[in-house]
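*Asks:* Fold the following and give me the result.
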Amino acid sequence: MASALIGGRRFDWGSRVYLMGIVNVTPDSFSGDGLAHDPEAAVALGLRMVAEGADLLDVGGESTRPGHTPVSAEEEIARAVPVVARLAREARVPISVDTSKLAVAEAALEAGAALVNDVWGLQRAPGIAALCARREAGLVLMHNQAGHEYGDLLAEIASRLRQSLAAALGAGVPRERVLLDPGIGFGKTAEQNVQVLRHLERLRELGQPLLVGVSRKGFLARIFGLEEPEARVDGTAAAVAAAVLRGADVVRVHDVARMARVVRVAEGLR
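*Replies:* Presented below is the predicted three-dimensional model:
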């Protein structure tokens, strides 16, 4: 795979696994780490993650957990963009904004973000692709759908990601700046999430770098009984290792220092 220049940093896809640290500026994050009312703490968290080994930071101003309360673009901008702006100045790694709203993506890129992480894969705001092309930004396209009815799970995920990728390329985003995310925890049952992780290599056939987010997610409790926070981190470590062994290029995590060690070992084994 080709390398990409994103936010002034070169990413050599296929040469190593990169870590994306999660900075939630929401009051209702599923993992309990939301910092909507404390932007200083959010910035401090992001800087600590970089010191621990994060290669990118992903800032989100609206929870995407099941049953979350939607917020307006104005509220999302008020939460996320000041944190994006500070981290873009201070963190020395590319900053991603986790949003599916065009106005939020535009404001975040103006504030210094270098990627847009769209959990709806351009389904809700197709204009994000042209915006990223114009601003020379990276773009993460995630598989997502309402409900979890599938015929062939992996084939249908691949088909939807292929459509999202075609839309991004058609809008002018260079192929090397587009990452694909299978959407663990989105539009899938716990059992389906496990199936996606088991067969992640099938999505390598799409020819794009893969971003995988398993950190602290609910399937770890529902399938494996890992209810307690510390147990979720242990389960995350196992799932991150599995993702790396099956070809993930980027892993999106809350616990950067611990997962950096997991990634280093898993990389050495694949």
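*Asks:* List the neighbouring strands of the top strand by length along the chain plus their orientation.
*Replies:* Longest strand of the chain, by residue count under DSSP state E: strand 18-24. Here strand 18-24 is paired, per DSSP bridges, with strand 56-60 (parallel), strand 250-253 (parallel).
*Asks:* hey, where'd the helices end up in the protein?
*Replies:* 39-52, 73-90, 102-110, 127-135, 153-170, 190-198, 219-224, 229-245, 256-269 (DSSP state H).
*Asks:* And the third one, what's buried?
*Replies:* Taking 16 or more other CB atoms under 10 Å as the basis for neighbour counts, the residues of helix 102-110 that come out buried are 102, 104-109. Where C-beta positions appear, they are placed from N, C-alpha and C, glycine not excepted.
*Asks:* I figured residue 251 was touching residue 20, is that so?
*Replies:* Yes. Shown here, residue 251 and residue 20 form a contact pair, counting by CB atoms under 8 Å, at 7.0 Å.
*Asks:* got any residues that touch both of the two?
*Replies:* residue 211 (CB atoms under 8 Å, 6 or more residues apart in numbering).
*Asks:* Is residue 210 bridged to anything, and to what?
*Replies:* With DSSP bridges as the rule, residue 210 is bridged to residue 180.
*Asks:* What pLDDT does the model give residue 65?
*Replies:* In this model, residue 65 is scored at 68, pLDDT.
*Asks:* just the one 3 residues further on next, same as before
*Replies:* Per-residue confidence at residue 68 stands at 66 (pLDDT).
*Asks:* got it, and residue 259?
*Replies:* 98.
*Asks:* Identify the residues contacting the spatially closest residue to it that is not a sequence neighbour.
*Replies:* In space, and not counting its chain neighbours, residue 259 is closest to residue 253: 4.3 Å by CB to CB, 6 or more residues apart in numbering. With contacts defined as CB under 8 Å, 6+ apart, residue 253 is in contact with 19-22, 213, 215, 236, 240, 259.
*Asks:* just residue 235 next, same as before
*Replies:* Residue 235 touches 220, 224, 226, counting by CB under 8 Å, 6+ apart.
*Asks:* cool, and residue 122?
*Replies:* 128-129, 141, 164, 167-168.
*Asks:* returning to that earlier point: from the contacts of residue 235, list just the buried residues.
*Replies:* For the contacts of residue 235, buried by 16+ other CB under 10 Å: 220, 224, 226.
*Asks:* now those as TSV including distance to residue 189 and pLDDT?
*Replies:* Below are these laid out as TSV (distance: CB to CB, whole Å; pLDDT from 0 to 100):
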residue	distance to residue 189	pLDDT
220	14	93
224	14	93
226	17	89
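*Asks:* tell me which of those is nearest to residue 74?
*Replies:* Using CB to CB, residue 220 comes nearest to residue 74 of the buried ones among the contacts of residue 235, at 34.3 Å.
*Asks:* Leaving out the residues flanking it, which one is nearest to that closest one?
*Replies:* Here the residue nearest residue 220, using CB to CB, 6+ apart, is residue 235, at 3.8 Å.
*Asks:* where's that neighbour relative to residue 179, distance?
*Replies:* The gap separating residue 235 from residue 179 is 24 Å, by CB to CB, to the nearest Å.
*Asks:* now residue 20
*Replies:* 10 Å.
*Asks:* ok so, going back, quick one: contacts of the longest strand of the chain?
*Replies:* By CB under 8 Å, 6+ apart, strand 18-24 touches 11, 31, 33-35, 42, 45-46, 49-50, 52-60, 63, 83, 87, 96, 211, 215, 249-254, 256, 259-260, 263.
*Asks:* For it, what is the distance to the chain centroid?
*Replies:* 8 Å (CA atoms, centre = their mean, to the nearest Å).
*Asks:* what ranges of this protein fall below the confidence cut-off?
*Replies:* Scanning the chain for pLDDT under 70 picks out the ranges 28-36, 65-68.
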